[in-house]
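>>> Following is a predicted model, sequence given first.
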Amino acid sequence: PQTQAGLPPWVGGLGARRMATFTVGDEASVSTKVCEANTAIAMKSGSLPVFATPSLVALMEEAACKVLQGGLEAGETTVGTKMDVSHDAASGVGANIKAFARVDEVDGKKTTLLVWASDEAGIVGRGSHERATVKAERLVAKAKERLHGGLSCPQ
């Protein structure tokens, strides 16, 4: 089932309150350097010493969090709910990667962002990312409840 905003019910209720305020077109960027720790080998996502796709996605999410941070109310945060990214080019150890996120659409608690990243030679990945605005304390409480509700890791 989906809530009124088209989000899964676990992201929280839609009670009457002031919502976070994000502006379409707002943009932020973050950077990193490719090193052994963020390669496909280290991330166990491949066998080559190149910037790992999980590292690319994490950098894009970091840029998304950065652009949305200023529009949140006290006690709110955003959580990633969807990521659709292509990793189009390899970047070797020593390359500088810069990831960008731009607010593309705001629909209640759901915010859609365009994300992309580049190195010195050009674009290395691009896509879209959705984040939901949630009450941080409430989400953590629900996660703990879920854990203690009988779900556990296999021994």
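Cool, got the structure.
>>> host element of residue 138?
helix 136-148 (DSSP states H and E).
>>> typed the wrong thing, it's residue 74
Using DSSP H and E, residue 74 falls outside every helix and strand.
>>> Determine the three-state secondary structure at residue 68.
helix (DSSP: H, G, I helix; E, B strand; the rest coil).
>>> what number of residues lie near it?
24 (other CB atoms under 10 Å). To be clear about C-beta, it is placed using only N, CA and C from the backbone, and glycine gets the same treatment.
>>> Residue 62 versus the spatially closest residue to it that is not a sequence neighbour, what's the distance?
Sequence neighbours aside, residue 78 is the residue nearest to residue 68 in space, at 5.2 Å (criterion: CB to CB, 6 or more residues apart in numbering). To residue 62, residue 78 is 12 Å away according to CB to CB, to the nearest Å.
>>> Between those two, point out the one with more neighbours.
When residue 78 is set against residue 62 and neighbours are counted by other CB under 10 Å, the residue ahead is residue 78, at 26 against 16.
>>> wait, doesn't residue 47 sit right on residue 40?
Yes: using CB atoms under 8 Å, residue 47 is in contact with residue 40, at 6.8 Å.
>>> Tell me which of the two has more neighbours.
The residue with more neighbours, out of residue 47 and residue 40, is residue 40; 18 against 9, by other CB under 10 Å.
>>> residue contacts, the more buried one?
46, 47, 48, 49, 50, 51, 52, 53 (CB atoms under 8 Å, 6 or more residues apart in numbering).
>>> what's the burial count for the fourth one?
Read it as residue 49. 16.
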